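J.: this one's sequence-less:
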């Protein structure tokens with residue numbers, strides 16, 4: 001049985017907060033459907049204090065902004081984007097198009113077609129999240145998406161130059177300084193100045209996640225990427241200082257970011273809690289990390305590694321960091337997570353910022369049914385069929401007739417009958433005068 005040394009706030013409180021978010025998002029989307037650009041501008045003024053002549057940056061404006069970014073930042077962006085591009089290309093190489101002949105003259109095939117327009121949402125309300133540009137735009141371009149629309153909000157009324165540079169270097173075709181629900185809605189339904197896209201990708205706050213949820217179906221989405229989550233798994237050999245630092249590394253994303261420790265050692269648990277309390281007051285981002293730890297932090301102590309992995313799978317968290325003597329055991333024991341970070345040398349922050357795997361990952365239990373953003377998300381896997389052999393055409397036509405009539409689908413049956421008649425001269429009694 002697990003012993004809980006620290007609990008999160010009750011789920012009822014979280015649910016009540018989400019209900020308010022849902023109501024707000026519904027209203028914003030409805031207004032943008034009705035008033036288009038006028039509504040987009042109104043919400044940008046209201047939420048971001050931002051109302052330029054054009055939300056879309058011109059090529060000349062992008063060039064000036066990129067030129068203002070220090071060369072070291074540009075070099076680092078290029079390096080990280082190379083890592084993301086390399087991994088995405090390996091993912092693309094793992095996908096196979098094929099055509100097989102299942103019966104004489106019966107050819108069945110599969111191919112991958114990129115979506116024709118994708119929207120990339122790069123968060124930026126609190127921080128200039130340049131890394132999200134790498135994850136959403138680079139990956140889309142590797143998949144072959146011809147039009148990528150990228151949106152990011154201003155930060156305190158200022159242009160996030162490094163983020164714009166990352167968007168440009170990643171290959172964005174359109175760069176818009178527009179954030180929040182208004183950006184997601186504009187990309188999804190379109191306005192007078194923005195053509196709609198086919199798929200929206202990228203993380204965001206609770207409002208962005210809810211907007212994607214409500215618009216799904218009208219537009220495709222990558223996944224529900226809400227407030228970030230970290231789960232640290234530790235045995236008795238783990239360093240409590242490292243556990244604490246890494247828990248806080250994700251808690252600083254926002255006051256609603258869960259940070260959870262599961263350990264087989266009560267000593268590690270207690271020392272980690274003490275280290276968190278020691279480090280928090282000195283963190284420049286304590287205004288976000290503090291409430292996140294207070295309201296959404298948890299610490300669980302279990303007896304065995306088997307219990308540790310079982311409980312971890314119940315959480316189905318976005319990021320799972322494994323600080324145990326044999327971290328690769330998690331690859332065998334766990335099935336429900338967004339991404340694993342194996343061993344003390346591999347922190348979640350590497351995945352967020354530099355290592356090359358995609359950091360747009362499932363949250364709120366979505367890891368039970370999906371993985372994170374990858375090159376395949378921008379591809380439509382489609383099939384095709386061709387029958388050229390008359391014997392096979394007759395065989396399938398007769399089979400189709402029988403199978404369809406079992407289901408009382410006479411129209412389907414007749415379509416099969418016609419193929420058998422064309423190929424082998426079968427009679428069509430239902431076609432008699």
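T.: Received it, and whenever you're ready, just let me know what you need. Bear in mind the structure is a predicted one, so any value in this text is a computation, not a measurement.
J.: Going by residue numbers, what spans are strands in the stretch 51-200 of the chain?
T.: Here the stretch 51-200 of the chain has its strands, by DSSP state E, counting those that start in this stretch, at 98-103, 106-114, 117-121, 147-152, 174-177, 199-201.
J.: Output the contacting helices and strands for the second one.
T.: What it means is strand 106-114. strand 98-103, strand 379-387 (3 or more CB pairs under 8 Å, 6 or more residues apart in numbering; DSSP states H and E). C-betas here are computed from N, CA, C, even on glycine.
J.: Could you list the buried residues of it?
T.: Within strand 106-114, the residues that qualify as buried by neighbour count (16 or more other CB atoms under 10 Å) are 106, 112, 114.
J.: The fifth one now?
T.: Of the residues in strand 174-177, those scored as buried under the neighbour-count criterion (16+ other CB under 10 Å) are 174, 175, 176, 177.
J.: Can you name every helix or strand that it contacts?
T.: Here strand 174-177 touches strand 147-152, helix 161-170, going by 3+ CB pairs under 8 Å, 6+ apart.
J.: what is the mean pLDDT for it?
T.: In this model, strand 174-177 has a mean pLDDT of 98.
J.: likewise the third one?
T.: Strand 117-121 shows an average pLDDT of 98 in the prediction.
J.: Direction included, what does it pair against?
T.: Note on strand 117-121: by DSSP bridges, its sheet partners are strand 147-152 (parallel), strand 199-201 (parallel).
J.: picking up where we left off before, now distance to residue 344 too, for the buried residues of strand 174-177, in TSV please.
T.: Listed next are those as TSV, based on distance: CB to CB, whole Å:
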residue	distance to residue 344
174	42
175	39
176	41
177	40
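J.: Residue 378: how many residues sit nearby?
T.: 28 (other CB atoms under 10 Å).
J.: check contacts around it.
T.: By CB atoms under 8 Å, 6 or more residues apart in numbering, the contact set of residue 378 is 114, 115, 118, 139, 140, 143, 144, 145, 199, 201.
J.: Which residues are in contact with the closest residue to residue 99 other than its chain neighbours?
T.: Counting by CB to CB, 6 or more residues apart in numbering, residue 99 lies nearest to residue 109, which is 3.8 Å off, once chain neighbours are set aside. By CB under 8 Å, 6+ apart, residue 109 lies in contact with 97, 98, 99, 100, 383, 384, 385.
J.: Most widely separated two among these?
T.: Spatially, the most separated pair among the contacts of residue 109 is 97 and 385, at 14.8 Å (CB to CB).
J.: which secondary structure elements does the lowest-mean-pLDDT helix or strand in the chain contact?
T.: Ranked by mean pLDDT, DSSP states H and E, the weakest helix or strand in the chain is helix 11-35, scoring a mean of 87. Judged by 3+ CB pairs under 8 Å, 6+ apart, helix 11-35 is in contact with helix 37-48, helix 180-189, helix 206-215.
J.: buried sites along that helix?
T.: By neighbour count on 16+ other CB under 10 Å, the buried set for helix 11-35 is 14, 18, 21, 22, 25, 28, 29, 31, 32.
J.: what's the answer for stretch 78-96, then?
T.: Buried-residue list, stretch 78-96, by 16+ other CB under 10 Å: 80, 81, 84, 85, 87, 88, 91, 92.
J.: and these as JSON lines, adding distance to residue 338 and pLDDT?
T.: Shown next, in JSON lines, are the buried residues of stretch 78-96 (distance: CB to CB, whole Å; pLDDT from 0 to 100):
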{"residue": "80", "distance to residue 338": "19", "pLDDT": "98"}
{"residue": "81", "distance to residue 338": "21", "pLDDT": "98"}
{"residue": "84", "distance to residue 338": "16", "pLDDT": "98"}
{"residue": "85", "distance to residue 338": "21", "pLDDT": "98"}
{"residue": "87", "distance to residue 338": "15", "pLDDT": "97"}
{"residue": "88", "distance to residue 338": "17", "pLDDT": "98"}
{"residue": "91", "distance to residue 338": "16", "pLDDT": "98"}
{"residue": "92", "distance to residue 338": "20", "pLDDT": "98"}
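J.: What is the nearest of these to residue 243?
T.: residue 80 (26.0 Å).
J.: Correct me if wrong: residue 31 contacts residue 41.
T.: No: counting by CB atoms under 8 Å, residue 31 stays clear of residue 41, with 11.4 Å between them.
J.: for this structure, what are the low-confidence residue spans?
T.: By pLDDT under 70, the low-scoring segments of the chain are 1, 12-16, 433.
J.: Stretch 47-64: how far from the chain's middle?
T.: 26 Å (CA atoms, centre = their mean, to the nearest Å).
J.: what about that stretch, start to end distance?
T.: Counting by CA to CA, to the nearest Å, you get 26 Å between the two ends of stretch 47-64.
J.: Tell me the buried residues in that stretch?
T.: Buried residues in stretch 47-64, defined by neighbour count with 16+ other CB under 10 Å: 47, 48, 50, 55, 56, 57, 61, 62.
J.: and what of stretch 374-387?
T.: So for stretch 374-387, counting by 16+ other CB under 10 Å, buried means 374, 375, 376, 377, 378, 379, 387.
J.: mind giving me JSON lines with those and columns for distance to residue 428?
T.: Listed next are those as JSON lines, based on distance: CB to CB, whole Å:
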{"residue": "374", "distance to residue 428": "49"}
{"residue": "375", "distance to residue 428": "48"}
{"residue": "376", "distance to residue 428": "44"}
{"residue": "377", "distance to residue 428": "46"}
{"residue": "378", "distance to residue 428": "46"}
{"residue": "379", "distance to residue 428": "42"}
{"residue": "387", "distance to residue 428": "19"}
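J.: Export the strands of the stretch 51-200 of the chain as CSV, with columns for distance to residue 270.
T.: As requested, the strands of the stretch 51-200 of the chain are arranged in CSV below (distance: least, CB to CB, whole Å):
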stretch, distance to residue 270
strand 98-103, 56
strand 106-114, 51
strand 117-121, 40
strand 147-152, 41
strand 174-177, 47
strand 199-201, 41
